[in-house]
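Enquirer: kindly return the folded structure for what I paste below:
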Amino acid sequence: MFPDDDIFIDQSKTKAKKWREENDKKLNESDLVILIITPAALKSDEVEREVSIANNLNKLILPCKMNLLNLDWTELKWDIDTLDGIKFENDEDLRTTLFGEVDKIRKEFSTKLQNSSSPDSDFISIHLDKKTYSDGDKIIIYGDVKELLSNVPVSLRIVSPSDQLVLVSQIYVDLDKKYSTTVTAGGSLMQYEGDYRVDTFYGNSSRTAKTIFNFKGSTTVSKSLTTEDVIIVEGSNTQIKYRIQGGKVISAVKDPGISSLIIGLNSTEDGTIRLTIPRSFLDARIDNNDDDFFVLVNATEVNFDEIKTSDDRTLTIPFSLHSKEIEVIGISQPSKSLSRLFEKPESIQKQNEQIHVVSLSVSFDRTVYPLKSKLYVRVNCQDILFGRPINLEIANSDNKIIDSRQIDPITHPDSELKRAGIYQESFQMNDTDWKVGEVYTVRASHGNAIVYDGCTTDKRTPVIQTDESKYFSGSDMILTIIDPDADKDSQKVEIVGDSPESFLTISTSIDRIEGIKLLETGDSTGIFQGVIGLIGTLDDGTIMPYSHTENFFKLLQERNAVGVTPLRFNQNDTIKITYKRKSDVITLIAHATNKIDLGTKKYR
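Expert: As a prediction, this is how the structure comes out:
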């Protein structure tokens, strides 16, 4: 890391005018800055300037203090007391001590960069503007390629200290064979202090370059995870303390068959959860020694960080957007022969088999429902564990189970869906457990597979629409009501307008029609339509005939569509349309006239 021929001593300045520029350039390129503190150095403005630059660049500084200064580290400038330094009597003492310290630092850097750093590979190089970054800093990544490949970008990856993927990106190479990009340090996937690896690939896996940087940790970790919540494991009195960023915990279940804790969650972004698990509830031990937990996120094994005490084990687990389930699998086994110590525990083998066997998903038929709806829940299970049911549970936002169902895959009646591995159940909302604006979760389980989906309830305002704003005698009004809350059943064409839940009235100065039925335009559209025929009345009271054979209203009547008797109106009358629900009333006004040419077929 520190080759002998790559050491720059600022005292060997040239007499050229740009010596300071060269000095600053070398300072920027250095990995280690050795600060020799003498009485003269403490008085030097140039030394102070260089120390300031090194601090701003987050360079590793090794301070060396002469004993004759007779000053404590805390009495020195530049916050030297915050650094690990060495003391020396004379040049020979400094040379000997400094050689050992630099050699130790050299080995530390070599270990960090072994198999992960190739700053000048034959095909591609990679560089960073600094070696250490704080939360919010801009990380400038740049380099060049030996050979320009047409329309081939540089693939970039940043990997966390726990080998979690932080960033994947592509950078196009300029015509001068150089590339660069800027990344902001921090975020939900770059939170924890440590060494992060940057990998680049160009064209194929043999054209790679790697380096590392140190991240000081995110200042938002403690803020976002400061509130510690507690959830009670279903069927027990055990409380699990947790802190979560990027989602919400909705359930906690223990599977006693394989000693695992299953956390159900709704994730809103890539995030992190910190679980404090009492050892008395779940542990991982072999031969009375701690072993690693086995952690799955959506049935995929992930790495995690852990802090252990005598009473509990705290796991910090990353998850991605759309994650629904985290499972922590423990081990509790007696002593084994040496030949079996290297085998994966049987409980984990069993879990792996079931994870690969059971492919399970669950979904509501909609994400937003009106109250008093019928809900359809579909479970997709392609691999059935014979003799074991599929369990469905619906819970409210307080994790209270408000409805449940068991599906027998063998005797389930819907054979058409069952042939595709889909099992559907319907649930009817009641007035007690379903509230406007609440979030509800369905939990499906089969064997050890558990999945979730969510929905909410809402109340929306209907809209009345007519195809025209002015009508003539003999014409038809195509009336549309858009009312998503009237669509109570997504698998059924419904009717509005003739019940206390939704009552439709159309009136003029001389006529009134109530309880008009409008038919939904299709399954789960929430759009209802009907046609109203209009008949004008002359000044002497004579009703104008409604006998035009091509009239749309008559054609609908012949097909037994939903319709009503034609509406009568006076000259320059007003048509009032009122749609009344239990909670609100919506009104629309249209106009009508009987001054038309009866010899034409179009009246608008």
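
Enquirer: from here on, contacts and neighbour counts on C-alpha atoms
Expert: Noted.

Enquirer: I'd say Lys87 and Leu68 touch.
Expert: No. Checked against Cα atoms under 8 Å, the pair Lys87 and Leu68 is beyond contact range at 9.9 Å.

Enquirer: higher neighbour count, those two?
Expert: Shown here are Lys87 and Leu68; by other Cα atoms under 10 Å, Lys87 has more neighbours (17 against 12).

Enquirer: tally of neighbours for the residue lying closest to Val233 once chain neighbours are set aside?
Expert: Ranked by Cα to Cα, 6 or more residues apart in numbering and with sequence neighbours excluded, the top spatial neighbour of Val233 is Ala252, at 4.8 Å. Residues lying near Ala252 (other Cα under 10 Å) number 22.

Enquirer: Ala252 bridge partners, please.
Expert: Applying DSSP bridges to Ala252 gives these bridge partners: Ile263.

Enquirer: what's near enough to touch it?
Expert: Taking Cα atoms under 8 Å, 6 or more residues apart in numbering, we find Ala252 in contact with 231-234, 261-264.

Enquirer: cool, and Ile86?
Expert: Taking Cα under 8 Å, 6+ apart, we find Ile86 in contact with 62-65, 97-98.

Enquirer: out of the residues you listed, which is most surrounded?
Expert: Among those, the one with the most neighbours (other Cα under 10 Å) is Lys65, at 23 neighbours.

Enquirer: helices - which of the contacts of Ile86 land there?
Expert: The helices, defined by DSSP state H, take in 97-98 from these.

Enquirer: got the contacts of Ala252 as TSV, with distance to Asp93, pLDDT and neighbour count columns?
Expert: Shown next, in TSV, are these (distance: Cα to Cα, whole Å; pLDDT from 0 to 100; neighbours: other Cα atoms under 10 Å):
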residue	distance to Asp93	pLDDT	neighbour count
Ile231	61	86	17
Ile232	63	84	14
Val233	63	86	17
Glu234	67	81	13
Leu261	59	90	22
Ile262	60	91	23
Ile263	59	92	21
Gly264	62	89	23
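
Enquirer: where does the prediction get shaky in the stretch 201-350 of the chain?
Expert: Scanning the stretch 201-350 of the chain for pLDDT under 70 picks out 203-206, 219-228, 256-258, 332-350.

Enquirer: run the last query once more with 90
Expert: Low-confidence segments of the stretch 201-350 of the chain, defined by pLDDT under 90: 201-210, 216-239, 241, 243-260, 264-272, 279-311, 319-324, 329-350.

Enquirer: for the record, mean pLDDT for stretch 436-448?
Expert: The average pLDDT for stretch 436-448 rounds to 85.

Enquirer: buried set for that stretch?
Expert: Buried residues in stretch 436-448, counted by 16 or more other Cα atoms under 10 Å: 439-447.

Enquirer: which residues are in contact with that stretch?
Expert: Stretch 436-448 is contacted by residues 255, 351, 354-355, 358, 360-364, 370-371, 379, 385, 388-397, 450-459 when judged by Cα under 8 Å, 6+ apart.

Enquirer: Ala138: neighbour count?
Expert: One thing to correct before we go on: residue 138 is Lys, not Ala. 16.

Enquirer: same question for Thr268.
Expert: When neighbours are counted by other Cα under 10 Å, Thr268 registers 14.

Enquirer: element containing it?
Expert: Assigned by DSSP states H and E, Thr268 falls within strand 260-278.

Enquirer: gap between the helix or strand following that strand and the chain center?
Expert: Sequence-wise, the next helix or strand downstream of strand 260-278 (DSSP H and E) is strand 284-286. Its chain's C-alpha centre and that of strand 284-286 lie 33 Å apart, by Cα atoms, centre = their mean, to the nearest Å.

Enquirer: quick one: strands adjacent to strand 284-286?
Expert: When pairs are called by DSSP bridges, strand 284-286 turns out to pair with strand 289-290 (antiparallel), strand 331-333 (parallel).

Enquirer: got the buried residues for the strand holding Thr268?
Expert: 260-267, 270-278.

Enquirer: what about the helices in this structure?
Expert: Assigned by DSSP H, the helices in the chain fall at 19-29, 39-43, 45-56, 91-113, 220-224, 338-341, 346-357, 415-418, 552-558.

Enquirer: where does pLDDT dip in the stretch 51-200 of the chain?
Expert: For the stretch 51-200 of the chain, the stretches with pLDDT under 90 are 51-124, 135-136, 145-177, 183-195, 199-200.

Enquirer: thinking again about what came up before, now, of the contacts of stretch 436-448, which are buried?
Expert: 351, 354-355, 358, 360-364, 370-371, 379, 389-396, 450-457.

Enquirer: how far away is the nearest residue to Ile273 once chain neighbours are set aside from Thr316?
Expert: Nearest in space to Ile273, with sequence neighbours left out and distances taken as Cα to Cα, 6+ apart, is Ile244 at 4.3 Å. Computed with Cα to Cα, to the nearest Å, the distance linking Ile244 and Thr316 is 9 Å.

Enquirer: overlap in contacts of those two?
Expert: Common contacts of Ile244 and Thr316, defined by Cα under 8 Å, 6+ apart, comprise 272-274.

Enquirer: can I get these in a markdown table including distance to Pro153?
Expert: A markdown table is the format used below for these (distance: Cα to Cα, whole Å):
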| residue | distance to Pro153 |
| --- | --- |
| Thr272 | 31 |
| Ile273 | 35 |
| Arg274 | 37 |
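
Enquirer: give the contact list for Leu189.
Expert: By Cα under 8 Å, 6+ apart, the contact set of Leu189 is 166, 270-272, 318.

Enquirer: residues in contact with the nearest residue to Asp255 once chain neighbours are set aside?
Expert: Nearest non-adjacent residue to Asp255, counting by Cα to Cα, 6+ apart: Leu261, 6.4 Å away. Leu261 makes contact with 252-255, 282, 327-329 under the criterion Cα under 8 Å, 6+ apart.
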